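1. Show me the folded form of this:
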Amino acid sequence: MNRFACFAIRRASSSRASIFTLPISRNQPFIRSFQTTSRTLATSAQAQNGKSAYAKRMEALLGPRPTSKNKLLSNSNLVPLQQPWPWHEIPNRSSSDPEIITLQRTLFARPPDLSPPLLLFAAGIWGLFVFAWLILPDPPKKELTLDEKKLIEENERKAKEANIISRLSMGFTSAIFSSAQPLIYGIVTVALIAIITSSTRIITRINMVQTRFKDTNEIQKTILRLTNVGHEMIPFGKPKFREVKVEDCQVYLPNLNNSHAVRLRVLKNGQINKNSLDRFPYSLDYRAVPENTRIDKEVVQSTNRLQHVFGPVKTLS
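-> Sure, this is the predicted structure:
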């Protein structure tokens, strides 16, 4: 009787579960796609509303841009100038021919937030510290007192009696304390070298230089003179810059929401030169200069001029 009752209860429960089980609907893929579409639309709307102030400012400055993740945009579709951008003549130092004149106009100019000579001065002071630490002899070792010898013997006895984990921890601590000074010097030196090297990829000025024949006004060549933070570390002497061809440069924006500078990449024969610092792009800071900053240099942040020379700025993501 008990076996029959148990069998009846199991049978009823299974049949009841089968009654309330929903059949598989043929419209389920459509429902899933509809839910996914709504979720995607909500996510994109949230992304549009959650853009940073810099992203909105860059969108307003650059205007509509093509998007491609595969390759950078060529310089074929140039943006027309919205305002006049005249040339002005400068002394011709590259050629002694009086029939050739040199013209120049500013494409980009923004002083760096940190003074380049101050960065070089800090690196020089730290270099003196490292040089003095390397050449100075080690202090003479003094003889140990009886108390110090007893303390050393007690520590050695405890180390022998300790287990493997304690020995490893004591050995690690001793190694850290014994090499703390060279470790600190090494870390700070590597950090300063990295800061100075990365600062040479920050553009402070781009001049567009063109040489022409005086009589015929025929263009001989057009180049760009790039000035970075490294060039401005020595404030005196002849102005330093790097000359590159316009066709060897490409501009792009890595990410509209996260990046805070337009990138300029210098190519070699149309390819990235991985054996030099040109494997890392230059940065053109288009952030607004703070109002309370004292500026004694020219500031030119015209995205229209940039896109007139290189074409529309492309966003990678």
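
2. Centre of the chain to stretch 97-117, how far?
-> 24 Å (C-alpha atoms, centre = their mean, to the nearest Å).

3. start to end distance for it?
-> Stretch 97-117 has an end-to-end distance of 36 Å (criterion: C-alpha to C-alpha, to the nearest Å).

4. One more: stretch 223-237?
-> Using C-alpha to C-alpha, the two ends of stretch 223-237 sit 23 Å apart.

5. May I see the buried residues of that stretch?
-> Neighbour counts over stretch 223-237 (16 or more other C-beta atoms under 10 Å) mark 223-233 as buried. Yep, even glycine has a C-beta here, placed from its N, CA and C like the rest.

6. Now do the contacts for residue 279.
-> 272-273 (C-beta atoms under 8 Å, 6 or more residues apart in numbering).

7. and it, how far is that from residue 266?
-> Residue 279 is 10 Å from residue 266, where distance means C-beta to C-beta, to the nearest Å.

8. what is in contact with these two at once?
-> Residues touching both residue 279 and residue 266 (C-beta under 8 Å, 6+ apart): residue 273.

9. Which stretches in the stretch 201-317 of the chain count as strands?
-> Assigned strands in the stretch 201-317 of the chain, in chain order: 203-213, 219-228, 242-245, 249-253, 262-266, 282-284, 314-315 (criterion: DSSP state E, counting those that start in this stretch).

10. which stretch in the ones you listed has the least confidence?
-> Lowest mean pLDDT within these: strand 314-315, at a mean of 83.

11. what about residue 78, helix or strand, and which?
-> Assigned by DSSP states H and E, residue 78 belongs to neither a helix nor a strand.

12. ok, and what's touching the helix or strand encompassing residue 121?
-> Assigned by DSSP H and E, residue 121 belongs to helix 116-135. The contact list for helix 116-135 (C-beta under 8 Å, 6+ apart) reads 181, 185, 188-189, 192, 195-196, 199, 229-230, 232-235.

13. need the contact list for residue 93.
-> residue 102.

14. Tell me the confidence at it?
-> 73.

15. Renumber starting at 38 from here on
-> New numbering, starting at 38: the last item is residue 130.

16. before we move on, what SS does it have?
-> Three-state call for residue 130 (DSSP: H, G, I helix; E, B strand; the rest coil): coil.

17. how many neighbours does the closest residue in space to residue 257 that isn't next to it in sequence have?
-> Counting by C-beta to C-beta, 6 or more residues apart in numbering, residue 257 lies nearest to residue 248, which is 4.3 Å off, once chain neighbours are set aside. As a burial measure, residue 248 scores 17 neighbours (other C-beta atoms under 10 Å).

18. which residues does residue 248 bridge with?
-> When assigned by DSSP bridges, residue 248 has beta-bridge partners residue 139, residue 258.

19. how near is it to residue 140?
-> 8 Å.

20. coming back round to it: rounded mean pLDDT for the helix holding residue 158, please.
-> Taken as a whole, helix 153-172 has a mean pLDDT of 90.

21. And for stretch 269-288, what's in contact with it?
-> 109-110, 112, 149, 153-154, 156-157, 241-242, 244-246, 259-265, 268, 299-305, 321, 343, 346-348, 350-351.

22. And the residues you listed, which of them are buried?
-> 109-110, 153, 156-157, 241-242, 244-246, 260-265, 268, 299-304, 321, 343, 346-348, 350-351.

23. Low-confidence stretches in the stretch 188-337 of the chain?
-> Judged by pLDDT under 70, the stretch 188-337 of the chain has its weakly predicted residues at 196-199, 203-204, 207, 209, 212, 214, 295, 330.

24. Kindly recompute the last result at 80.
-> Counting by pLDDT under 80, the stretch 188-337 of the chain contains low-confidence ranges at 188-217, 292-297, 327-333.

25. Now do the helices in it.
-> Applying DSSP state H, counting those that start in this stretch to the stretch 188-337 of the chain gives helices spanning 201-215, 217-236.

26. Could you export those to TSV, including columns for distance to residue 118?
-> As requested, those are exported to TSV (distance: least, C-beta to C-beta, whole Å):
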stretch	distance to residue 118
helix 201-215	61
helix 217-236	32
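
27. out of these, deepest packed?
-> Using mean count of other C-beta atoms under 10 Å, the stretch among those with the largest mean neighbour count is helix 217-236, at a mean of 13.

28. Give me the distance between that one and the centre of its chain.
-> Relative to the chain's own centre, helix 217-236 is displaced by 19 Å; criterion: C-alpha atoms, centre = their mean.

29. List of residues touching that helix?
-> Looking at what lies outside helix 217-236 - C-beta under 8 Å, 6+ apart - the contacts are 149, 153, 156-157, 159-160, 163, 166-167, 170, 213, 265-267, 314.
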